[in-house]
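J.: the sequence and its predicted three-dimensional model are supplied below.
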Amino acid sequence: MGEVALQRSLSGPGYREVIGSMLEEVDRLTRLVESLLTLTRGESGRIQPALEMVKLNGLAVSVVEHLRILAEEKEQSLTIDATVEVSAKCDPAILRLGLINVLDNAIKYTLPRGTIRVVLRETSSGEPVIEVEDTGLGIPSVHHARIFERFYRVEQGRSRESGGTGLGLATARWAVEVNVGLS
């Protein structure tokens, strides 16, 4: 796009549009590289988790508030059901990254005016659980086994058009796996 702009004489707004488009692409590529580096470092063991006892309610509320504006832009209802105090031994930064990716995915693929709900609970055996429920598009069962693979897409254009990199759910899986391995 930059080459085309240089070959033509554009107005001020025309140049601003081209530069804006280029900046969006640079931002998308930067997110892709950062996500890929985080995932690669994590999977290779170069990121060492810092184990501590964490109140998951506070962590989940923080993530919900961080992403609330994205849901509001789509007029989505984003709620959290954390009536029971849930704690776990984990790396809060890594778990936060995983929850951000899952919740961001839910926001992207839930239609405007849809609902997204984060639920914290414990299983009957006392295991902590964070669930994200939404009224989104859903994922056909044929894809369930692969959605956590790097760059896997249910539909080729699905993530790209919404700004995704194809690494969010792979990163979320790593974040959960590394934290389950700590406990």
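T.: Sure, I can see it.
J.: what distance do you get for V26 to P112?
T.: Using C-beta to C-beta, to the nearest Å, V26 is found at 28 Å from P112. In this view, the C-beta of every residue, glycine as well, is placed from N, C-alpha and C.
J.: wait, doesn't P128 sit right on A88?
T.: Yes - using C-beta atoms under 8 Å, P128 is in contact with A88, at 4.2 Å.
J.: give me the more crowded residue out of these two.
T.: Neighbours of P128 and A88, each counted by other C-beta atoms under 10 Å, are more numerous for A88; the result is 21 against 18.
J.: ok, now which ones touch that one?
T.: 53-54, 56, 128, 179, 183 (C-beta atoms under 8 Å, 6 or more residues apart in numbering).
J.: domain ranges for the protein?
T.: 1-48, 50-180 (automatic domain parsing).
J.: any low-confidence regions in the protein?
T.: In the predicted model, the chain carries pLDDT under 70 at residues 1-7, 24-25, 27-32, 35-36, 39, 42, 155-165, 181-183.
J.: could you redo the last one with a cut-off of 50?
T.: 183 (pLDDT under 50).
J.: would you map the helices across it?
T.: Secondary structure of the chain (DSSP state H): helices at 2-7, 12-43, 56-73, 92-109, 158-161, 168-180.
J.: mean neighbour count for those - can I get that in CSV?
T.: Shown next, in CSV, are these (neighbours: other C-beta atoms under 10 Å):
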stretch, mean neighbour count
helix 2-7, 10
helix 12-43, 13
helix 56-73, 16
helix 92-109, 21
helix 158-161, 14
helix 168-180, 20
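J.: what about the closest residue to R117 other than its chain neighbours, neighbour count?
T.: Distances taken as C-beta to C-beta, 6 or more residues apart in numbering place E133 nearest to R117, at 4.6 Å, with adjacent residues excluded. E133 has 13 neighbours, counted by other C-beta under 10 Å.
J.: check contacts around the residue positioned nearest the centre of the chain.
T.: In the chain, the residue lying closest to the centroid (C-alpha atoms, centre = their mean) is N101, at 1.6 Å. Applying C-beta under 8 Å, 6+ apart, we find N101 in contact with 168-169, 171-172, 175.
J.: in CSV, list those residues along with distance to V18.
T.: Shown next, in CSV, are those (distance: C-beta to C-beta, whole Å):
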residue, distance to V18
G168, 29
L169, 33
T171, 32
A172, 35
A175, 37
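J.: wait, which of these is closest to E75?
T.: Lowest distance from E75 to the contacts of N101 (C-beta to C-beta) belongs to G168, with 22.3 Å.
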